[in-house]
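Trainee: Let me see the structure of the following:
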Amino acid sequence: MRLNSRFWYLLSMLFFVAAVWFWLKGEEERARRQAGGGSAAARKAGPLANGLVQGAAGGTNPSATTGKAGSVSGGNQATGGVETKPSASGAQGRFPYRLSNTEQPLSKLGRSDTAILLDNAFIETGSQRPVEVPEHLRAKGEPGSYLVQSRHALDNAFYGSLREAGAEFVSY
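Mentor: Numbering: from 1, shown residues only. Got it, this is the predicted structure:
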């Protein structure tokens, strides 16, 4: 029985020493990254300085309301992202083609109720900056898919107005 207790004690000490070693290595890596330029959130946020946003014509606004006839009214549906000029400096070097219409860091956008975060685009729907979509990325004709965002709770009236407009729900 004594051998069994000693084995578990030594195994526990081994894991403790390994945990301390990994913790110290992680701190070294974090200090090296911070000294290398900017925070990890700023590097993940991608290019922000050159990003402009343009709304698609005839789209819907995140604060869109439904009229009495059940049609969706309001105005700004983003069918694309933001064009940025590739650059090798700072945060833009890691993600030179990431589209964005905001200069907020990723840490704030992740907690925002009005932000849409995609792999290649960070879109702040509450921003007034227009989206400038490069011509080769613009949809030709009717795109067929839309993102709908509501400022209020989703209720049966909201779903009904979307169904009347011909919407098919694929995700909530």
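
Trainee: from here on, contacts and neighbour counts on C-alpha atoms
Mentor: Noted.

Trainee: which other helices and strands contact the host helix or strand of Leu11?
Mentor: Using DSSP states H and E, Leu11 maps to helix 2-35. For helix 2-35, the packing partners by 3 or more C-alpha pairs under 8 Å, 6 or more residues apart in numbering; DSSP states H and E come out as none at all, with no helix or strand in contact.

Trainee: so where's this protein uncertain?
Mentor: Within the chain, the ranges that satisfy pLDDT under 70 run 1-2, 37-93, 172.

Trainee: ranges for the helices of it?
Mentor: Per DSSP state H, the chain has helices spanning 2-35, 40-45, 90-94, 106-109, 156-164. These are given in chain order.

Trainee: ok, now which ones touch Ile123?
Mentor: Applying C-alpha atoms under 8 Å, 6 or more residues apart in numbering, we find Ile123 in contact with 81, 99-102, 115-117.

Trainee: Give the bridge partners for it, please.
Mentor: Here Ile123 sits in beta bridges with Ile116, going by DSSP bridges.

Trainee: now it: how far from Asp155?
Mentor: Here the distance between Ile123 and Asp155 works out to 25 Å (C-alpha to C-alpha, to the nearest Å).

Trainee: Make CSV from the helices of the chain and add mean neighbour count to it.
Mentor: Formatted as CSV, the entries for the helices of the chain read as follows, by neighbours: other C-alpha atoms under 10 Å:
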stretch, mean neighbour count
helix 2-35, 11
helix 40-45, 18
helix 90-94, 18
helix 106-109, 16
helix 156-164, 14
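
Trainee: want to throw those into JSON lines with distance to Val131?
Mentor: Listed next are these as JSON lines, based on distance: least, C-alpha to C-alpha, whole Å:
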{"stretch": "helix 2-35", "distance to Val131": "32"}
{"stretch": "helix 40-45", "distance to Val131": "17"}
{"stretch": "helix 90-94", "distance to Val131": "18"}
{"stretch": "helix 106-109", "distance to Val131": "17"}
{"stretch": "helix 156-164", "distance to Val131": "25"}
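
Trainee: What's the local residue count around Val133?
Mentor: By the criterion of other C-alpha atoms under 10 Å, Val133 has 23 neighbours.
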